[in-house]
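Student: requesting a structural model of the entry that follows:
(chains A and B)
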Amino acid sequence: MKYFVLLAGYGETKPWDELTPEEQGAEMAKHGAFAEGCEREEGVDLLGGEALGEGSTATTLRTRGGELTITDGPFAEVAEHLGGYYLVEAPDLDTVIALCRRLPAYDIEIRPVLELP
Amino acid sequence: MTSRSDRSSSSPEGALLAQVHRAEWGRLLALLVARTRRLDRAEDALSEAFARAAERWPTEGAPDDPVAWLYRTAQRQVIGWLRSEAVAARKAPLLAVRADWVMPEDRLDQLPDERLHLILLCCHPALSAPSQCALALRLVLRTPTEAIARLFLVERTAMAARITRAKKKIVAAGIPLSAPVGEELRARLDEVCRTLYLGFTAGYAPGPGPLLLRADVAGEAVRLAEILRGLTSGAPQVDALSALLLLQHSRRDARVVDGRLVLLADQDRQRWHHDEVRRGLALAATLRPTRGHAEALRLQVLVAAEHAKAPAAAATDWAAIARAYAALEALTGSPVVRLNRAVAVAEAEGAAAGLELLDALEESSLGHRLHVVRAELARRAGDLAGARLAYRAAIAGCTNEVERLHLSERFASVGA
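Tutor: Next comes the predicted model:
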């Protein structure tokens, strides 16, 4: 199965800009450990993943009554701290959860990717 | 197998099938899920296999090994469905991939019992807390949705929707059947214990219908608790659950006589299974005060042990039982516990003291049980008019035929 791993909030970590260079290095090492874990785990494939720009750089499109409006900022306040995502092929949810334990203490949402015919 | 027959099992094949359904459903489903990893398909296929058996066995005769027949039939069905799914998804057919699906040589009695794994799957924290236990009861112990709804005090349709939603999430999110260990296992134990206890309860007092005690269902819960104890050495909630179920289940033969309910006080204690009582008491003696769900179970064990220790009803230490219930009420705040405490206090200090504890309770959270207790205590306190009124309310709210008959007799015996 394919899973979308959304790094949805800072959780118990601080925003990237507020981290010291040492702390930033430690965070990056955890992402490295995640990638390494994906590589080592049987049946798991890290298909992709990117860090995203801050919420203040987001642009939101909404269609209401057929009319498209374009606004500055994330689509919802909670999405402000959305930091990035991974796309992981894994045999099951427990495998993904175990791998995510290696990441910094973010708030993370995991969703199955729908396989469209 | 059984001397009594009803319409659904009038033929020997029908009776056999009904028996296999009760005893083997959970194990068969767990095996199918373990082999195919598809809960949705496995459940549908097993239902189909039972339906096919109901059609064919009466005319063709039952197979030599009915359980193996059902397993193979369901397995073939799942594989067929998964193949068409793969073809529909334009993937390579799954023919060669899963050789472990087909096990024609396997003797079913040598396969592991995967039911606990299935219960652990249902108690996965990725499922909403209220649906975990309900799903496990439905899938593994085959508790009717109606009975589960009653246990959780919700409408049947709401419970059915909740169970369906949970099943869909398991399949869609890829929640696996696995054997969690360490912290993960410990995190699910409370919910697993709750499931087994409710499964046991549902077998013990099933609600509507004529049969008050379905001892085989309750017996399965007892057995699963014992297996779980073997897997989790020293987990306090599992030890307490095992002790509690052993002690309560030991009374099964004394509880219904000639289709009638026999209250604890009137039971023939010779008919208790005393080997189970001894095992339950030995296990109870090892329990130490703890916290949370484990402590709630331990306090219930204290109550069950006091009953089990008394050589006759009159010798029961009701003060000790009332103390255990007071601690349990402080811990859980449950109105059911307060009701039981009121009964114990009435025995220890007199009916008036018990009645006083009922005052704060409401029918909405207790159903007809509140009226039953009030009737019995009012009668003992000499308030016959109050007793008659309460009996009438109890009979009106009771859905179990055996119990209603019992209540009607109690009502009649109050006199005019």
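Student: so who does residue B:39 touch?
Tutor: For residue B:39, the contact set (Cβ atoms under 8 Å, 6 or more residues apart in numbering or on different chains) comprises B:33, B:121, B:139, B:167, B:170-171. The way it works is simple: take the backbone N, C-alpha and C, and place the C-beta from them, glycine included.
Student: what is the burial count for the closest residue to chain A within the stretch 201-350 of chain B?
Tutor: Here the stretch 201-350 of chain B gets closest to chain A at one residue, residue B:231, 18.1 Å apart by Cβ to the nearest Cβ. If you count neighbours by other Cβ atoms under 10 Å in any protein chain shown, residue B:231 ends up with 13.
Student: any figure for the gap between it and residue B:37?
Tutor: 22 Å (Cβ to Cβ, to the nearest Å).
Student: residue of the stretch 51-200 of chain B closest to chain A, please.
Tutor: Counting by Cβ to the nearest Cβ, the stretch 51-200 of chain B gets nearest chain A through residue B:176, at 3.6 Å.
Student: near chain A, which residues of chain B are found?
Tutor: Contact residues, chain B versus chain A (Cβ under 8 Å from any Cβ of the partner chain): B:37, B:88-90, B:126, B:172-176, B:178, B:180.
Student: got the residue ranges for the strands in chain A?
Tutor: A:2-9, A:45-51, A:59-64, A:67-72, A:84-89, A:107-112 (DSSP state E).
Student: quick one: which helix or strand includes the nearest residue to residue B:287 once chain neighbours are set aside?
Tutor: Counting by Cβ to Cβ, 6 or more residues apart in numbering or on different chains, residue B:287 lies nearest to residue B:298, which is 4.9 Å off, once chain neighbours are set aside. Using DSSP states H and E, residue B:298 maps to helix B:292-309.
Student: quick one: contacts of that helix?
Tutor: Taking Cβ under 8 Å, 6+ apart as the rule, helix B:292-309 contacts B:190, B:193-194, B:197, B:235-237, B:240-241, B:243-244, B:247-248, B:250, B:264, B:272, B:277, B:280-281, B:284, B:287, B:289-290, B:316-317, B:320-321, B:324-325, B:327-328, B:331-332, B:340, B:344.
Student: how about the residues of chain A by chain B?
Tutor: Applying Cβ under 8 Å from any Cβ, one finds that chain A approaches chain B through A:1, A:3, A:90-95, A:97, A:110-112, A:115, A:117.
Student: and the contacts of helix B:292-309, which of them are buried?
Tutor: Burial by neighbour count, 16 or more other Cβ atoms under 10 Å in any protein chain shown: within the contacts of helix B:292-309 this picks out B:190, B:193-194, B:197, B:235-237, B:240-241, B:243-244, B:247-248, B:250, B:272, B:277, B:280-281, B:284, B:287, B:316, B:320-321, B:324-325, B:327-328, B:340, B:344.
Student: give me the subset of the residues you listed lying in strands.
Tutor: Within those, no residue falls in strands by DSSP E.
Student: ok, the residue of the stretch 51-200 of chain B closest to chain A touching residue B:121?
Tutor: Yes: with contact defined as Cβ atoms under 8 Å, residue B:176 counts as touching residue B:121 (7.4 Å).
Student: contacting residues for residue 116?
Tutor: Looking at chain A here, since you left the chain open. Applying Cβ under 8 Å, 6+ apart, one finds that residue A:116 lies in contact with no residue.
Student: you looked at the wrong chain, it should be chain B
Tutor: Applying Cβ under 8 Å, 6+ apart to residue B:116 gives the contacts B:192, B:224, B:227-228, B:231.
Student: next, count neighbours for residue A:24.
Tutor: 13.
Student: so where's the stretch 201-350 of chain B shaky on pLDDT?
Tutor: Along the stretch 201-350 of chain B, the parts satisfying pLDDT under 70 run over B:204-215.
Student: got the contact list for the residue of chain A found nearest chain B?
Tutor: Minimum separation of chain A from chain B (Cβ to the nearest Cβ) falls at residue A:92, amounting to 3.6 Å. Neighbour list for residue A:92: A:1, B:37, B:174-176, B:178 [criterion: Cβ under 8 Å, 6+ apart].
Student: of the residues you listed, buried ones?
Tutor: By 16+ other Cβ under 10 Å, those give A:1, B:37, B:174-176 as buried.
Student: closest to residue B:155 among the residues you listed?
Tutor: The shortest approach to residue B:155 among those belongs to residue B:175, at 26.4 Å (Cβ to Cβ).
Student: distance check, that closest one against residue A:96.
Tutor: 11 Å.
Student: same deal with residue B:333?
Tutor: Between residue B:333 and residue A:96 the computed distance is 38 Å (Cβ to Cβ).
Student: more neighbours: these two, which one.
Tutor: Legend: neighbour count by other Cβ under 10 Å for residue B:333 and residue A:96, higher for residue A:96 (25 against 9).
Student: these two touch, right, that one and residue A:90?
Tutor: Yes: the pair residue A:96 and residue A:90 passes the contact test of Cβ under 8 Å, sitting 4.9 Å apart.
Student: list residues touching both of the two?
Tutor: Joint contacts of residue A:96 and residue A:90 (Cβ under 8 Å, 6+ apart) are residue A:3.
Student: pLDDT weak spots in chain A?
Tutor: For chain A, the stretches with pLDDT under 70 are A:117.
Student: in it, which helix has the most residues?
Tutor: When chain A is parsed with DSSP state H, its longest helix is helix A:21-40.
Student: buried ones in that helix, by neighbour count?
Tutor: Buried residues in helix A:21-40, counting neighbours by 16+ other Cβ under 10 Å, are found at A:27, A:30-31, A:34, A:37-38.
Student: give me the nearest residue to residue A:60, chain neighbours excluded.
Tutor: Residue A:60's closest residue in space is residue A:75 (Cβ to Cβ, 6+ apart), at 4.6 Å.
Student: ok, now residue B:54?
Tutor: Per Cβ to Cβ, 6+ apart, closest to residue B:54 is residue B:17, 6.0 Å.
Student: in which helix or strand would I find the one you found?
Tutor: Secondary structure from DSSP H and E places residue B:17 in helix B:12-36.
Student: what about the helix or strand that comes right after that helix, average pLDDT?
Tutor: Using DSSP H and E, the helix or strand that follows helix B:12-36 towards the C-terminus is helix B:39-60. Averaged over helix B:39-60, pLDDT sits at 93.
Student: helix B:39-60: how far from the chain's middle?
Tutor: Relative to its parent chain, helix B:39-60 has a centroid offset of 24 Å by Cα atoms, centre = their mean, to the nearest Å.
Student: can you name the element that comes right after it?
Tutor: Note on helix B:39-60: by DSSP H and E, the next helix or strand toward the C-terminus is helix B:66-88.
Student: that next one packs against which elements?
Tutor: With contacts taken as 3 or more Cβ pairs under 8 Å, 6 or more residues apart in numbering or on different chains; DSSP states H and E, helix B:66-88 sits against helix B:12-36, helix B:39-60.
Student: before we move on, which element is the nearest residue to residue B:159 once chain neighbours are set aside in?
Tutor: With Cβ to Cβ, 6+ apart as the criterion, residue B:159 has its nearest non-adjacent residue at 3.8 Å, and that residue is residue B:149. Here residue B:149 is covered by helix B:145-151, with elements defined by DSSP H and E.
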